[in-house]
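>>> Sharing a sequence plus its predicted fold:
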Amino acid sequence: MFKIQTYNKISDKGLSLFDKAKYDISEDHTDAEGIILRSYKLHDTKFPATMKAIGRAGAGTNNVPTDRCTDEGIVVFNAPGANANAVKELVITALFMSSRKVVESISWAQTLKDGESDVAAQVEKGKSNFGGPEILGKKIGVIGLGAIGGLVANACDALGMEVIGYDPFISDAAKENLTDGVTIKHSLDDIFAEVDYLSLHLPVNNDTKGMFNAELFAKCKDGIRIVNFARGGLINDADMVTAVKSGKVAKYITDFPNASLLNIENIIPIPHLGASTPESEENCAKMVVTQVSLYLETGNVLNAVNFPNISLPVKGNRITACAKNNTELLFGVTEALKAAGIGHGDMVSESRGNLTYVIVNTESDATPVLDKVNNLDGVVVSRAL
């Protein structure tokens, strides 16, 4: 029986997909083979030798030490697209809030009370302080056109905005899903100079961390409105505060508050609500539970962030192995099987960066060759199933 450790509250509809005859699910396991979590930070967690897979019920995996997991032979899965509609809806909400001073006006209205004039009269007198432009006909730059960015671009097009997208890594499938009103440009500088709104949908990595800074803001149109439901690390917060206070950025709405962004006029912090819908949480949980159980039971990998995606139909027994900097891994595994007198059938090999992962269907249990396979160059994990 596989032991699964959970962190955070995981949707019961997702966890119910684990076969009760095969899985023991608990928050208290110390020797689990799998982890299912949402936002719990695992960077200081020491994984037991039994750990094989981690499922992050969401898109980002910043809370998981992915590089260390790879070194320890642990596959990390996420749920790309499962929360996309939830985030898209909140992005559209933020666009309206960035224009119409909705949050500020509500806060002001809550302070009113009948006095020399009644509340209705005070409302009529004070409402002019909270005017703002419509988004119809305005230009928006959508930076990143993946699962969420693509939906945002299409929604903005449907709302009558002029949509300019940027994504140097966009897939053919994602491009085909964009509506005709979405224009793709290949220069960020051109986009920044002409758009009225900017919506960010990028991962944080060495190339994008802090990229939205004073130098970039200087290239933007005066009074640009920026919404960030991607990752807080994309922004140089000190530069953003300066840009907002100067009016260069008319409004900044972020789903990633920190102390430096609080209680500043024209910065609206939202407490990381992008995926906080029951539908999103259920979809994410279902996706990662399916992926983790598939890997634990068959060795097939789907939607991993650190291992190659790979699949081979199951026909009895099999052996799987993953190695760094070893393009001859498949040959080494089949030679080990041959030396042990274990026949094999279908096989597959896939690579991702310097990782190679192989699956070989075998005619009998391959456990006797695991030690030999583990001694092949660069092997980080091998399993007999």
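That came through fine. None of these values were measured; they are calculated from a predicted model.
>>> how close does residue 76 get to residue 296?
14 Å (CB to CB, to the nearest Å). Just so you know, the C-beta spots here come from the backbone N, C-alpha and C atoms, and that holds for glycine as well.
>>> again with residue 225
The value you get for residue 225 to residue 296, if CB to CB is used, is 46 Å.
>>> again, but for residue 138
Distance of residue 138 to residue 296, computed by CB to CB: 49 Å.
>>> more neighbours, residue 225 and residue 296?
Taking neighbours as other CB atoms under 10 Å, residue 225 and residue 296 compare with residue 225 leading, 26 against 20.
>>> and that one, that one's in a strand?
Yes - counting by DSSP: H, G, I helix; E, B strand; the rest coil, residue 225 falls inside a strand.
>>> Check what pLDDT the residue lying closest to it once chain neighbours are set aside gets.
Nearest in space to residue 225, with sequence neighbours left out and distances taken as CB to CB, 6 or more residues apart in numbering, is residue 98 at 4.1 Å. Confidence at residue 98, expressed as pLDDT, is 97.
>>> In which helix or strand does residue 98 reside?
Applying DSSP states H and E as the criterion places residue 98 in helix 84-100.
>>> Now do that helix: distance to the chain's middle.
Relative to its chain's centre, helix 84-100 lies at 18 Å (CA atoms, centre = their mean, to the nearest Å).
>>> which helices and strands does the helix or strand that comes right after it pack with?
As assigned by DSSP H and E, the chain's next helix or strand after helix 84-100 is helix 102-109. The helices and strands touching helix 102-109, judged by 3 or more CB pairs under 8 Å, 6 or more residues apart in numbering; DSSP states H and E, number zero.
>>> Could you measure from residue 4 over to residue 283?
Relative to residue 283, and taking CB to CB, residue 4 is found at 19 Å.
>>> same thing with residue 83?
Residue 83 is 7 Å from residue 283, by CB to CB.
>>> now do residue 153
Residue 153 sits 21 Å away from residue 283, going by CB to CB.
>>> out of the two, which sits in the busier spot?
residue 153 (31 against 23).
>>> Spit out the contact partners of the more buried one.
Applying CB atoms under 8 Å, 6 or more residues apart in numbering to residue 153 gives the contacts 142, 145, 163, 165, 178-179, 182.
>>> what are the ranges of the helices in the stretch 201-350 of the chain?
214-218, 237-246, 278-298, 329-339 (DSSP state H, counting those that start in this stretch).
>>> list the buried ones in the second one?
Within helix 237-246, the residues that count as buried by 16 or more other CB atoms under 10 Å are 237, 239-241, 243-244.
>>> next one: the longest one
Going by neighbour count (16+ other CB under 10 Å), the buried part of helix 278-298 is 280-296, 298.
>>> what does stretch 194-213 give?
195-204, 208, 211-213.
>>> Quick one: those as CSV, columns for distance to residue 21 too.
Below are the buried residues of stretch 194-213 laid out as CSV (distance: CB to CB, whole Å):
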residue, distance to residue 21
195, 55
196, 57
197, 52
198, 51
199, 46
200, 45
201, 41
202, 42
203, 38
204, 40
208, 44
211, 49
212, 50
213, 54
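>>> Just those residues: which are in strands?
With strands taken from DSSP state E, the overlap with those comprises 197-200.
>>> Let's see stretch 2-18 as CSV, backbone CA atoms only.
Output in CSV follows, covering the C-alpha atoms of stretch 2-18 (Å, rounded to 0.1, in the frame of the first residue of the first chain):
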residue,chain,number,x,y,z
PHE,A,2,1.2,3.5,-0.9
LYS,A,3,1.4,6.1,1.8
ILE,A,4,0.4,9.6,0.9
GLN,A,5,1.1,12.6,3.2
THR,A,6,-1.1,15.7,2.8
TYR,A,7,-0.3,19.3,3.6
ASN,A,8,-3.0,22.1,3.6
LYS,A,9,-6.6,21.3,3.1
ILE,A,10,-7.0,19.2,-0.1
SER,A,11,-10.3,18.8,-1.9
ASP,A,12,-12.0,15.6,-0.8
LYS,A,13,-13.2,15.1,-4.3
GLY,A,14,-9.6,15.0,-5.4
LEU,A,15,-8.3,12.7,-2.6
SER,A,16,-11.2,10.3,-3.3
LEU,A,17,-9.6,9.4,-6.6
PHE,A,18,-6.9,7.5,-4.6
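>>> Identify all contacting residues around that stretch.
22-29, 31-40, 42, 50, 57, 278, 281-282, 284-290, 292-293, 296.
>>> same thing with stretch 199-217?
60, 62, 91, 95, 140-146, 148-149, 152, 156, 192, 226-231, 233-236, 239-240, 242-243, 248-249.
>>> Could you rerun that using 7 Å?
Identification of contacts with stretch 199-217 by CB atoms under 7 Å, 6 or more residues apart in numbering yields 62, 91, 140, 142-144, 146, 148-149, 152, 192, 227-228, 230-231, 233-236, 239, 242-243, 248-249.
>>> Only the buried members of these: can you turn that into a ChimeraX selection?
Selection of buried members from the contacts of stretch 199-217 for ChimeraX, criterion 16+ other CB under 10 Å:
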select :62,91,140,142,143,144,146,148,149,152,192,227,228,230,231,233,234,235,236,239,243,248,249
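>>> Which secondary structure element is home to the residue nearest to residue 181 when sequence neighbours are not counted?
Spatial nearest neighbour of residue 181, chain neighbours left out: residue 157 (3.8 Å); criterion: CB to CB, 6+ apart. Element membership for residue 157, per DSSP H and E: helix 147-158.
>>> continuing past that helix, what's the next helix or strand?
Next along from helix 147-158, by DSSP H and E: strand 162-166.
>>> Could you list every helix and strand in contact with that following strand?
strand 139-143, helix 147-158, strand 182-184, helix 188-194 (3 or more CB pairs under 7 Å, 6 or more residues apart in numbering; DSSP states H and E).
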